[in-house]
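In: next come a sequence and a model predicted from it.
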Amino acid sequence: MKTRSIASFLLSTALTFAAAGVASAQDKTVKIGALSDQSGLYADLGGPGSTLAAQMAVEDSGLTAKGWKIDVISGDHQNKPDIGTAIARQWFDVEKVDVIVDVPNSGVALAVNNVVKEKNGAYINSGAATSDLTNAQCSPNTVHWTYDTYMLAHTTGQALVKAGGDTWFFLTADYAFGAALERDTTAVVTANGGKVVGGVKHPLNTPDFSSFLLQAQASKAKIIGLANAGGDTTNSIKQAAEFGIVKGGQKLAALLLFLTDVKAIGLETAQGLNFTETFYWDMNDQTRAFSKRFAGRMKNNAPPTMVQAGVYSGLRHYFKALEALGGNPHDGAKVVEKMKSIPTEDDLFGKGEIQPNGRTIHNAYLFEVKTPAESKGPWDFYKLVGTVPGDQAFTPLSESKCALLKK
Amino acid sequence: MQALYAQLLVGLINGSFYALLSLGLAVIFGMLNIINFAHGALYMMGAFVAYFLLNLGGINYWWALLIAPIIVGIFGMILERTMLQWLTGLDHLYGLLLTFGIALIVQGVFQNYFGSSGLPYAIPDQLKGGMNLGFMFLPVYRGWVVIFSLVVCLATWFLIEKTRLGAYLRAATENPTLVRAFGINVPRMITLTYGLGVGLAALAGVLSAPINQVRPLMGADLIIVVFAVVVIGGMGSIMGSIITGFALGVIEGLTKYFYPEASNTVVFVLMVLVLLVKPTGLTGRAA
């Protein structure tokens, strides 16, 4: 009797373990949380379009047909770090979310970064710019997919200094993103023999820039660097035109400009601006095909911005890692580690890799905004003026302060 | 010193918008006793109507200055007839909540169709370019905004404080029953007043379209500041709201020069100070 019960206990334990083992290897449920600014100044460059991109990534991955069950939910962080972290916590604790994607606004992105690490989720950031995500504040759970402030400084910034723009005045959005972009650009300007003669920090979401623009004008700097984004950038550029700043000989450096911003400014005012992106819908047949499908499902028929494209291809790569693992281990660090071990390649960003600090490396493209005469369609805005290979555009590992690199 | 003149002038420009919007709010509050939280949304509608007139109807800016306030004003009057009029005599809170809800719905609908980054609206050809004033480059359009809104503000003040129609209006606020006894259609007058206040908001919207983006949230960003202006100036005081509007624009402009980080909070700091010292606002009468 006794031996039998011990035997049955051992058997049942063994069975339980075996069952658990099988379950974890074959667990094919995934929950994706698209966290973005859904209605504020960054909603058009991320927002609902990013949620759509996540859904399209799920559909295009073909995993559903292979028995996976993948859900996408979305949340509005309203550009407030406290709201962003509250949503992230609730997603991990209650909704059992596996991966958080997008998260524009560097302030929110850095706050969410800590939560994801604490909860051992996965984090594929596309929307935020701060290079700190893969630098001082890097995390084994984080992949920073699309672009960052270092890249913007070392492409647009560097090109302008080399073209003779050696004195700079910054209009900087007064939060983590603006500070990071100004810092990274200043480093490039001084390294190339230029000088920063002044700057002004403006509150996020400022409707009127005339006061700041007058200060920029009075500084006599050759380049006015716009270390801001979204609605702040469009307002700066429009109002700079009004105050005759470009006609007066000063040049605007739109350090971060998105497709939707150009649409909002209008080609009449935006023409000739130089800037950098890592994705444009009209690059090749693949990007055009994807963008056409995407635009068809957007309310205003807008093609994807680079942020939305980044959400899509970041997730596609995440799914590759899950497939390679044979199931969802519900262990963010493990999936991210797998993602880093597979070279990235997709229709939208081409070939690349994820570095040990979580930084995705791919080509960056210097664009110029077309004149109204050159533009042939409602979203035909950019002409390509140069390509910077990923290893030159992004932070070299030797310069990265990421703790993950010191093993 | 030159930079300071420039900042003062820029402040006056922003002050024009504050003045126009707070004037509309003051008119509505003074005559209808409604705290019109939909004001920002109606301002936004003014800008959008101007955009549609230009891009769908080919109707230029000058006509838009006239037509947009009328269209949005009619929309406002419909709101007043169908919803707001039932709130007469109830606590302010009801009007506030209703108009706030209307604002959210209107903004949501526009956002759904036009996104959040907005649409461009070009400065009319006649007002393009700028002039060098020695201490600054003043875009002609901004100069126009200051002068035009000053004229509109003063005209509104004159209409309400100095004409017979204005006298009826003020009397109707004090004692509607008595004014009715004189054979004046008070409800219709109230509707028209709301239309006037809303029209002023729409006018400000058209004026701001070429400067800012035509964006669904353009009013939401502004309305809180404008409410602070109204509170500082004194609820319901016409001249008070005009003067405070311009004055706060200037103060904000100066803050942008001396300590830009505080430029979007300075108005609220002032509001707190004024409420501590004089709870009825600078020119307000006791409730």
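Out: Structure received. Numbers count the residues shown, from 1 in each chain, chains lettered A, B, ... in the order given.
In: what about the strands in the stretch 51-200 of chain A?
Out: A:69-76, A:99-102, A:122-125, A:142-144, A:167-173, A:195-202 (DSSP state E, counting those that start in this stretch).
In: closest to A:Gly266 out of these?
Out: strand A:167-173 (20.1 Å; C-beta to C-beta). Any C-beta I mention is one placed from the backbone N, CA and C, and that applies to glycine too.
In: buried sites along the strand or helix carrying A:Val30?
Out: Applying DSSP states H and E as the criterion places A:Val30 in strand A:29-36. Buried residues in strand A:29-36, counting neighbours by 16 or more other C-beta atoms under 10 Å in any protein chain shown, are found at A:30-36.
In: that strand pairs with which strands?
Out: The pairing partners recorded for strand A:29-36 under DSSP bridges are strand A:69-76 (parallel), strand A:99-102 (parallel).
In: ok, A:Asn79 - contacts?
Out: Contact analysis of A:Asn79 by C-beta atoms under 8 Å, 6 or more residues apart in numbering or on different chains lists A:37, A:40-42, A:105, A:107-108, A:204-205.
In: could you pull up phi and psi at it?
Out: Backbone torsions of A:Asn79, given as degrees, to the nearest 10, read phi 60, psi 20.
In: how far away is it from A:Leu41?
Out: 8 Å (C-beta to C-beta, to the nearest Å).
In: sorry, back to before: reformat the strands of the stretch 51-200 of chain A as a markdown table; add mean pLDDT.
Out: Below are those laid out as a markdown table (pLDDT from 0 to 100):
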| stretch | mean pLDDT |
| --- | --- |
| strand A:69-76 | 96 |
| strand A:99-102 | 97 |
| strand A:122-125 | 97 |
| strand A:142-144 | 97 |
| strand A:167-173 | 96 |
| strand A:195-202 | 94 |
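In: shaky segments in the chain?
Out: You didn't pick a chain, so chain A it is. The model of chain A has pLDDT under 70 over residues A:1-25, A:407.
In: ah, I was thinking of chain B
Out: Looking at chain B by pLDDT under 70, you get B:1, B:284-287.
In: what ranges do the strands span in it?
Out: For chain B, the strands defined by DSSP state E occupy B:130-132, B:137-139.
In: got the residues of the stretch 151-300 of chain A near chain B?
Out: A:174, A:200-203, A:205-208, A:210-212, A:214-215, A:217-218, A:230-231, A:234-235, A:238-239, A:242-244, A:248, A:260-261, A:263-266, A:268-269, A:299-300 (C-beta under 8 Å from any C-beta of the partner chain).
In: which PyMOL command selects the buried ones in these?
Out: Buried members of these, defined by 16+ other C-beta under 10 Å, are picked up in PyMOL with:
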select buried, chain A and resi 174+200+201+202+203+205+206+207+208+210+211+212+214+215+217+230+231+234+235+238+239+242+243+244+260+261+263+264+265+266+269
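In: which residue would be the closest one in the stretch 1-150 of chain B to chain A?
Out: Proximity of the stretch 1-150 of chain B to chain A (C-beta to the nearest C-beta) peaks at B:Pro120, 3.3 Å away.
In: out of the contacts of A:Asn79, which are inside helices?
Out: A:107-108 (DSSP state H).
In: most neighbours out of the contacts of A:Asn79, which is it?
Out: A:Asn105 (33 neighbours; other C-beta atoms under 10 Å in any protein chain shown).
In: chain B versus that residue, what's the distance?
Out: Here A:Asn105 is placed at a distance of 14 Å from chain B (C-beta to the nearest C-beta, to the nearest Å).
In: need the contact list for A:Ala321.
Out: A:Ala321 touches A:335-336, A:338-339, A:342, counting by C-beta under 8 Å, 6+ apart.
In: from A:Pro104, how far off is the residue minimising distance to the centre of chain A?
Out: Central residue of chain A (C-alpha atoms, centre = their mean): A:Ser126, 2.3 Å from the mean position. According to C-beta to C-beta, A:Ser126 and A:Pro104 sit 8 Å apart.
In: which parts of stretch A:385-398 are buried?
Out: Buried-residue list, stretch A:385-398, by 16+ other C-beta under 10 Å: A:388, A:390, A:393-395.
In: just the ones of those residues in strands?
Out: Judged by DSSP E, strands contain the following of the buried residues of stretch A:385-398: A:Val388.
In: can you tell me which of the buried residues of stretch A:385-398 are in helices?
Out: Those of those lying in helices (DSSP H): A:390, A:393.
In: spell out which parts of the stretch 51-200 of chain B neighbour chain A.
Out: B:111-120, B:122-123, B:129-130, B:136-137, B:139, B:141-142.
In: before we move on, back to that, can you tell me the closest non-neighbouring residue to the residue nearest to the centre of chain A?
Out: Residue nearest to A:Ser126 in three dimensions, not counting chain neighbours: A:Gly310, with 3.4 Å by C-beta to C-beta, 6 or more residues apart in numbering or on different chains.
In: repeat for A:Ala254
Out: A:Phe275 (4.8 Å).
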